[in-house]
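A.B. asks: Fold the following and give me the result.
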Amino acid sequence: MKEFDVLIIGGGPSGAMTGIELQKHGFNTCIIDKASFPREKLCGGGLTLKTIELLDTYCPELDKSAFILGQSDNVDFYYKTDQITHTKINTPYFFTDRKLLDTSLIELYKEKGGTLLENTRINAKDINFTENVILLGNDSLRYKYLIGACGCSSLLTKPFGISRNDYFCVEARVAKETTEEQPFRIYLGPVQNGYGWYFPKNDHDVIGVGGKNTNKTLPKQAELFFQEVTKTTGLPSKGAFIPSGKKINALSVMDNTILVGDAAGFIDPITGEGLYYALLSGIFASESVLEASGNPKRSLQKIYTCKCSKIKKNMKWGYLYHKFLHADTVTPYFIKALQDHPHFVKYYLEDVISTYRFNYKNFIWKYFIKIRKSLHAQ
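C.D. replies: This next block holds a predicted model:
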């Protein structure tokens with residue numbers, strides 16, 4: 001039997017970041033992943049400035065040129081296939097390929113001394129939560145703490161009766177339209193309770209949609225949307241589950257077992273951005289393990305839940321706006337507001353999405369009380 005301080009199921013950004021931070025503090029950790037790196041991973045690959053700054057702070061050794069495949073400071077909004085706004089912003093958005101980003105993070109984890117078990121699939125029945133043991137064939141791994149970074153799978157939620165509230169996304173690669181710098185595009189209205197995106201990258205572009213998959217019709221809606229936008233039929237596409245932004249019932253399934261990233265349901269409910277919260281929750285998880293291990297009287301579950309309170313509050317407000325904006329009676333007014341208030345669009349892209357300078361609870365109030373007043377005073 002091999003013994004580790006911390007076992008992490010899943011080697012994506014949340015799992016890798018948890019492992020990196022724990023290795024810095026001398027913990028003996030192991031990441032278990034069902035695939036081998038480098039591996040393909042479905043994701044639009046948008047990186048906001050706050051995400052870049054988080055990586056710069058906690059992983060300064062990373063060579064960002066190894067995984068950033070482009071950037072843009074121009075954003076076009078569309079309603080279905082009709083352009084409604086064009087916005088020039090001061091804080092650029094960056095684009096990555098998850099195959100490259102995840103590999104960069106997992107390689108840094110290994111450089112810090114972490115153990116990686118690849119091509120290792122775990123079933124719920126393989127985990128003995130009472131004895132703190134995971135069975136891997138004839139081998140077994142014992143842990144003090146277990147981190148669930150296994151995405152939207154129900155591996156660590158179903159055994160405890162925790163229901164998930166996930167959406168679905170479909171994505172395809174397309175040949176670049178032009179070698180000149182392009183705006184990235186956001187498409188409103190192509191699917192139920194979701195949106196579409198078109199991200200330009202160095203050697204290819206990415207088109208995708210994400211939203212509610214009622215009656216499993218989203219793949220067909222995606223196919224029609226891709227055809228309308230690219231004028232190309234039969235684009236090879238892939239699909240995957242993503243959190244909806246509606247919270248799941250728990251961030252922890254036992255006092256020594258916590259969930260991070262998509263497994264915890266962390267996502268921006270309006271934009272679908274998951275990478276920032278994946279990295280941030282991995283940092284919070286490592287800090288929680290460090291604090292709990294230093295004081296056995298302190299509960300890992302309570303420490304982690306407290307640290308994630310800001311994430312949960314922002315998601316709660318974001319989800320309320322998400323439901324409101326996707327109401328049939330509201331959407332036309334929202335589209336008109338985007339057209340009539342370009343300063344608000346710029347403010348939202350820069351000060352909310354890109355940086356979280358203002359959160360979803362106060363961003364509208366801040367705009368009308370402070371930002372708009374300053375604009376009128378100029």
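A.B. asks: mind listing what's buried in stretch 330-343?
C.D. replies: 335, 338 (16 or more other C-beta atoms under 10 Å). Quick note: C-beta positions are derived from backbone N, CA and C, even for glycine.
A.B. asks: from the middle of its chain, how far away would it be?
C.D. replies: Between the centre of stretch 330-343 and the centre of its chain there are 26 Å (C-alpha atoms, centre = their mean, to the nearest Å).
A.B. asks: where do the helices sit along the stretch 201-350 of the chain?
C.D. replies: Per DSSP state H, counting those that start in this stretch, the stretch 201-350 of the chain carries helices over the ranges 218-230, 275-294, 300-307, 309-325, 331-340, 342-347.
A.B. asks: Point out the most buried one among those helices.
C.D. replies: Stretch with highest mean neighbour count among these: helix 275-294 (a mean of 23; mean count of other C-beta atoms under 10 Å).
A.B. asks: pLDDT weak spots in the protein?
C.D. replies: Within the chain, the ranges that satisfy pLDDT under 70 run 370-378.
A.B. asks: Give me the phi and psi for the residue lying closest to Ile32 once chain neighbours are set aside.
C.D. replies: Closest residue to Ile32 apart from its sequence neighbours, by C-beta to C-beta, 6 or more residues apart in numbering: Leu117 at 4.7 Å. With angles defined as degrees, to the nearest 10, Leu117 sits at phi -110, psi 110.
A.B. asks: Ok, Cys30 next?
C.D. replies: Torsion angles, degrees, to the nearest 10, at Cys30: phi -140, psi 130.
A.B. asks: Tell me how many other residues surround it.
C.D. replies: Cys30 has 20 neighbouring residues, counting by other C-beta atoms under 10 Å.
A.B. asks: helices or strands up against the helix or strand hosting Arg173?
C.D. replies: If you go by DSSP states H and E, Arg173 is part of strand 166-174. Counting contacts by 3 or more C-beta pairs under 8 Å, 6 or more residues apart in numbering; DSSP states H and E, strand 166-174 packs against strand 205-211, helix 218-230, strand 237-243.
A.B. asks: Reformat the ones you listed into JSON lines and put distance to Lys112 next to each item.
C.D. replies: As requested, these are exported to JSON lines (distance: least, C-beta to C-beta, whole Å):
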{"stretch": "strand 205-211", "distance to Lys112": "31"}
{"stretch": "helix 218-230", "distance to Lys112": "39"}
{"stretch": "strand 237-243", "distance to Lys112": "28"}
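A.B. asks: Of all these, which one comes closest to Arg121?
C.D. replies: Across these, Arg121 has its closest neighbour in strand 237-243 (16.9 Å, C-beta to C-beta).
A.B. asks: From the recorded domain assignment, give the ranges for this structure.
C.D. replies: When the chain is parsed with automatic domain parsing, its domains come out as 2-45+97-165+245-307, 166-243, 320-377.
A.B. asks: Strands of the stretch 1-150 of the chain, start to end?
C.D. replies: With DSSP state E, counting those that start in this stretch as the criterion, the stretch 1-150 of the chain has strands at 2-9, 29-32, 46-47, 68-79, 82-96, 115-117, 127-128, 133-136, 139-148.
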